[in-house]
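**Student:** Got a predicted structure here, sequence first:
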Amino acid sequence: MDYLQMIADFSNANGPSGFEDEVVAVARRYAPADAALEEDSLRNLYIRRAVHAGNKPVVQLDAHSDEVGFMVQAIRPNGTLKFLNLGGWVNSNIPAHRVRVRDRWGNWIPGITVAKPPHFMSAEEKNRMPALEEMSIDVGASSLEEAKNDFGIRVAAPVAPDVTFEYDAKHDLMLGKAFDNRLGCAAIQATLDALGSEDLAVDVVGAMAAQEEVGTRGAAVTARHVKPDIAIVFEGCPADDTVVEPWLSQTAIHKGPMLRHIDARMITNPRFQRYALDLAEELGIPAQEAVRSGGSTNGAPIHLSNLGVPCIVMGLPVRYIHSHYGIASLEDFRNGVRLAVEIIRRLNADVIGRF
């Protein structure tokens, strides 16, 4: 499997929260040829191995398919677009970037996120961050009628960052959009590919969940549908190596996947967490561990589903998530997949019972 091409295809796909159709289409292309695929009305995608027995403990592999983006709220008389955030943005990261707006015919057309030029700002405006209500998306229209009729803009049109995936092989650096969490989507596929048709003591179900960025909504459904006995959540997690003191950095790129002990909505099952970290050390797979005071993942709804599900988060470090661009390492991705595969190969009812 060509990991780079798969990651590029996932990254380049447009999929703001609630509009994940393109991402699901990419996932279908890379799913094992003999896998059973199922899709629900939220655009959650379920991938079951052909050797799914139906009478073994179930491992859920989770990743969310959406990315942070925007939605058109209204069209101004001058043809610019008033918009809302889909997911958590910081206002300073929004203006002066290319975006793609889906028109009424299903095409993604270019636009720019804009704020008032400095030439027309008051002194007070120059010294503060513009509010979201003061920003616009400009597709080049000059009137409301032109935006609607010629550009095909509709109210509620989804908007995605306009960034094309690149890879710097010399430094092992991937640059692109939506690594949170298209790296996780690719990791599900890579894990299933590595497992192939191996005879395992568990059934493995990949579940790509929609709408994580707006409240982990899709995973609340996937967990009820899959009914896992144990889960591994793949996540594109925020790298901290450029924003904290070196002694405090726990999620650096080039240092392997990060397994978090806690975040705002989940205390990771300490027994499963320890098992994963010890296995990584035993096999010489680089891994990091983190204690986070904020943030959350699909692990939140999954670990509280059914009667409680042991769950770990396999974080793939990404610099500058929740902005238009991310930087990540392919080797970190490979090591995250490798660790997940080795964990799954060792799981059985007795091991899971100890968690």
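**Tutor:** Alright, I've got the coordinates.
**Student:** neighbouring contacts of the helix or strand of the chain with the lowest mean pLDDT?
**Tutor:** Lowest on mean pLDDT, DSSP states H and E among the helices and strands of the chain sits helix 123-126, with a mean of 85. The contact list for helix 123-126 (CB atoms under 8 Å, 6 or more residues apart in numbering) reads K116, P118. For glycine as for every other residue, the C-beta is placed from the backbone atoms N, C-alpha and C.
**Student:** quick one: that helix to chain centroid distance?
**Tutor:** For helix 123-126, the separation from the chain centroid amounts to 36 Å (computed by CA atoms, centre = their mean, to the nearest Å).
**Student:** Likewise for stretch 275-290?
**Tutor:** On CA atoms, centre = their mean, the centre of stretch 275-290 falls 23 Å from the chain's centre.
**Student:** Stretch 262-276 too?
**Tutor:** Counting by CA atoms, centre = their mean, stretch 262-276 comes out at 20 Å from the chain centroid.
**Student:** Kindly report the same for stretch 237-251.
**Tutor:** That offset, for stretch 237-251, works out to 19 Å (CA atoms, centre = their mean).
**Student:** that older thread, tell me which residues in the least confident helix or strand of the chain are buried?
**Tutor:** Using 16 or more other CB atoms under 10 Å as the test for burial, helix 123-126 gives no buried residues.
**Student:** Following the chain past that helix, name the next helix or strand.
**Tutor:** With elements assigned by DSSP states H and E, the helix or strand that comes after helix 123-126 is strand 136-138.
**Student:** For that next one, which outside residues touch it?
**Tutor:** 70, 72, 76, 79-83, 99, 101, 111-115, 159.
**Student:** for the record, mean pLDDT for that strand?
**Tutor:** In this model, strand 136-138 has a mean pLDDT of 98.
**Student:** what about I109, neighbour count?
**Tutor:** I109: 17 surrounding residues under other CB atoms under 10 Å.
**Student:** I'd assumed R100 was in contact with it.
**Tutor:** Yes. Contact criterion CB atoms under 8 Å: I109 and R100 qualify, at 6.9 Å.
**Student:** hang on, the earlier thing: of the contacts of strand 136-138, select the buried ones using a PyMOL command.
**Tutor:** In PyMOL, a selection of the buried entries from these looks like this (16+ other CB under 10 Å):
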select buried, resi 70+72+79+80+81+82+83+99+101+111+112+113+114+115+159
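**Student:** Show me what counts as buried in stretch 56-73.
**Tutor:** 56-72.
**Student:** should've said stretch 40-53
**Tutor:** L42, R43, N44, L45, Y46, I47, R48, R49.
**Student:** Report the separation between the residue nearest in space to the middle of the chain and V244.
**Tutor:** Central residue of the chain (CA atoms, centre = their mean): N181, 1.4 Å from the mean position. Using CB to CB, to the nearest Å, N181 is found at 22 Å from V244.
**Student:** Outline the domain layout of the protein.
**Tutor:** 3-67+177-354, 70-161 (automatic domain parsing).
**Student:** Apart from its chain neighbours, what residue comes closest to S249?
**Tutor:** Leaving aside its sequence neighbours, S249 sits nearest to D241 (CB to CB, 6 or more residues apart in numbering; 4.8 Å).
**Student:** Who are the packing partners of the helix or strand hosting I352?
**Tutor:** Of the helices and strands defined by DSSP H and E, I352 is found in helix 349-354. Taking 3 or more CB pairs under 8 Å, 6 or more residues apart in numbering; DSSP states H and E as contact, there are no helices or strands that helix 349-354 lies on.
**Student:** Just checking the distance from it to the centre of its chain.
**Tutor:** 29 Å.
**Student:** Please renumber the chain so that the first residue is 22 from this point on.
**Tutor:** Fine by me, first position is 22 from now on; the one you just mentioned is helix 370-375.
**Student:** contacts for it?
**Tutor:** K77, P78, A222, V223, D250, I251, R292, Y296, P331.
**Student:** So the second one sits against L221, correct?
**Tutor:** No. P78 is beyond contact range of L221, at 9.8 Å (criterion: CB under 8 Å).
**Student:** Spell out which residues are contacts of both of the two.
**Tutor:** L368.
**Student:** coming back round to it: looking at the domains of the chain, which is buried most?
**Tutor:** Most buried of those by mean neighbour count (mean count of other CB atoms under 10 Å) is domain 24-88+198-375; its value is a mean of 20.
**Student:** Cheers, nothing more for now.
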